[in-house]
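> Coordinates for the following, if possible.
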Amino acid sequence: TNKGLSKYIPEANEILNIAETRSLRVYKLLKIDDKNILLMNHSSSRGGYIFNTEAKTLTPFLNDEIENIIKGGLGISAITKDDNGLYWIGTFSNGLIIYDPTSEKFKHISYDTEDKKSLLSNNIQAILKDKNGGIWIGCYNGGVCYFDNLASTKFIIIDDNVTSVKSFKNQICLGTSSSGIHIYDLDGSLKKRINTSNSDLKSNDIRELQVDCDGSKLFVGTNIGLFELTKDYAIVQTFKQENLNRTSISALSQDDNCNLLVGTRNNGVYVQNKNTNNFINYSNKGNTDKLTHQSVRSIAYNKEKLWV
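Numbers count the residues shown, from 1 in each chain. Prediction:
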């Protein structure tokens, strides 16, 4: 959240704040292993930390040279790890960093009108590693770049802002800020567009996408609630809780039991019980020792613990 990291303890059915992280504005989380989580700090201070969940210690993740690039780019907006152990780090305004933590070497890629293998934009909002190991970079004002062997080889240009990129049904699904969902085959050809004019989607402002753990559906988080996209490309709204269906969704994930985890812009986090299809809402109303802020930016899951 904007005021550090909190963890959900299923057996106690509660969320507790991690005091050691309260000074951080955590924008993105990435599980490294069962003991460590990568925290991306959205502020003018250091951008990346490794948090040891057992010792509760914070260790700087990136060297000073990379940190200076991140500061110039107004912070980290997206991150993933590829099959070779390299971290792909997107910034809000200074392009892409590909980082090797073993050698501490990195490659900085930014938008260049003279370089056809650069980026479509320096504002990166989403990064996806597909099942073949390829990397898809979603740009806030331009489209998507596909990287193979550290070089961009394919572009999907759209007249909108890409907010989320996911692989569903062996296709690439793009969430956008004003035109709904765009679905492409892996060769870059447009398969389908889904929006308020041709489906039951209630808003074209897509904030986050999440593929169900069994691959049967795509969860769609919008600025006014949560929807599902079925394998037949139908939009349904199966979750009946009123508050969840009218709040702005900011993060989606699932735990090991395929329960859906929903972060919101101003109403904390919702945790699904898949057996009953109901959600429990956790917020910081009246108790900042638990969830310290109503705005949940990212969710990670490790060792039966949910981290927000």
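> show me what contacts the nearest residue to residue 298 once chain neighbours are set aside?
Leaving aside its chain neighbours, residue 298 sits nearest to residue 29 (4.3 Å; criterion: Cβ to Cβ, 6 or more residues apart in numbering). Where you see a C-beta, it was placed from the backbone N, CA and C, and this is true even at glycine. For residue 29, the contact set (Cβ atoms under 8 Å, 6 or more residues apart in numbering) comprises 5, 37-40, 298-300, 307-308.
> ok, which stretches of the stretch 51-200 of the chain are strands?
57-60, 76-81, 87-91, 96-99, 106-109, 124-129, 135-139, 143-148, 151-157, 162-168, 171-176, 181-184, 190-194 (DSSP state E, counting those that start in this stretch).
> Adjacent strands (with direction) for the fifth one?
Using DSSP bridges, strand 106-109 pairs in its sheet with strand 96-99 (antiparallel).
> where does this protein have low pLDDT?
Residue ranges of the chain with pLDDT under 70: 10, 12-13, 42-45, 72-74, 116, 151, 242, 284-290, 292, 303-304.
> can you pull out the helices in it?
Ranges of helices within the chain are 64-72, based on DSSP state H.
> how much space is there between residue 174 and residue 193?
In this structure, residue 174 and residue 193 are 10 Å apart, going by Cβ to Cβ, to the nearest Å.
> Looking at those two, which has the bigger crowd around it?
Remark: of residue 174 and residue 193, residue 174 carries more neighbours, 27 against 16, as counted by other Cβ atoms under 10 Å.
> Let me see the contact set for the closest residue in space to that one that isn't next to it in sequence.
The spatially closest residue to residue 174, leaving aside those adjacent along the chain, is residue 182, at 4.4 Å (Cβ to Cβ, 6+ apart). For residue 182, the contacting residues are 158, 173-174, 176, 190, 192-193, by Cβ under 8 Å, 6+ apart.
> Next: residue 98.
86-89, 106-107, 109, 150.
> Now distance to residue 264 too, for those, in TSV please.
Shown next, in TSV, are the contacts of residue 98 (distance: Cβ to Cβ, whole Å):
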residue	distance to residue 264
86	32
87	27
88	27
89	25
106	34
107	35
109	33
150	36
